[in-house]
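> need a structure here:
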Amino acid sequence: MIEKNDEAKRSKIWTVVTSVTSVLIIIVAIFLLMKMFMGNPLEGSWTDEDGNMNLKISRDGQMTVTIPASGEGKDTEVPMTYTMNKESKTISIQQDDAEIQKIAEKSDGQYTTETLKNAVQSIGTTFEYSIDDGTLTLTEREYGEQMMFNKN
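Numbering: from 1, shown residues only. Just a heads-up that it's a prediction; the model follows:
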């Protein structure tokens with residue numbers, strides 16, 4: 001093609017290449033805009049500064065609170081649900097008592113229902129949230145207490 005100096009073929013290839021790259025740029029731009037404005041800013045894994053719990057927040061309104069084991073036991077994961085309002089930057093977290101009871105029964109005496117409820121009680125309320133440099137700050141709306149989590 002280059003040796004024959006075929007300008008028509010070169011022009012056709014150049015048109016195809018620019019069209020494909022333009023479409024790819026538009027797709028990437030749409031993806032980034034959707035991710036920035038439509039995504040969940042809290043989604044991901046977060047570790048408490050004090051090491052008392054870890055949060056794994058999913059996109060679908062589900063979250064898992066991991067309570068570190070005491071002694072030689074295993075870490076315990078407690079599923080919870082949340083609702084989030086991006087405009088007011090609030091998150092309301094609810095615990096499922098039936099699920100907590102199932103986890104306590106499966107723990108072979110390591111945890112009771114009351115210990116699990118007490119462990120997740122501090123997270124089961126409505127918070128105002130803010131994210132700054134990979135640090136999630138949950139501020140309790142009623143009393144103003146703060147919990148800080150670092151992004152994993």
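
> residue 148 - nearest residue in space that isn't next to it in sequence?
Distances taken as CB to CB, 6 or more residues apart in numbering place residue 49 nearest to residue 148, at 4.6 Å, with adjacent residues excluded. (Glycine included, C-beta is placed from N, CA and C.)

> which residue is the nearest non-sequential neighbour of residue 51?
residue 68 (6.5 Å).

> how near is that neighbour to residue 141?
From residue 68 across to residue 141, the span is 27 Å (CB to CB, to the nearest Å).

> measure residue 109 to residue 115 for me?
11 Å.

> okay, residue 37 and residue 62: tell me how far apart.
Counting by CB to CB, the separation of residue 37 from residue 62 is 22 Å.

> the two: which is more packed in?
residue 62 (12 against 8; other CB atoms under 10 Å).

> wait, the more buried one touches residue 79, no?
Yes - using CB atoms under 8 Å, residue 62 makes contact with residue 79 at a distance of 6.6 Å.

> so after the longest helix along the chain, what's the next helix or strand?
Longest helix in the chain by number of residues (criterion: DSSP state H): helix 7-38. Using DSSP states H and E, the helix or strand that follows helix 7-38 towards the C-terminus is strand 44-48.

> tell me the mean pLDDT over the strand or helix carrying residue 99?
Using DSSP H and E, residue 99 sits in helix 97-106. Helix 97-106 shows a mean pLDDT of 87.

> neighbouring contacts of the helix or strand just after that helix?
Once the chain leaves helix 97-106, the next helix or strand it forms, by DSSP H and E, is helix 113-121. Contacting residues not belonging to helix 113-121 are listed as 53, 65, 67, 76, 78, 80, 95, 97, 100-101, 103-104 [CB atoms under 8 Å, 6 or more residues apart in numbering].

> mark which of the residues you listed are buried, thanks.
Among those, the ones that count as buried by 16 or more other CB atoms under 10 Å are 53, 65, 67, 76, 78, 80, 95, 100, 103-104.

> show me what contacts the spatially most central residue of the chain?
Geometric centre of the chain, nearest residue: residue 43, 1.5 Å, by CA atoms, centre = their mean. Neighbour list for residue 43: 57-59 [criterion: CB under 8 Å, 6+ apart].
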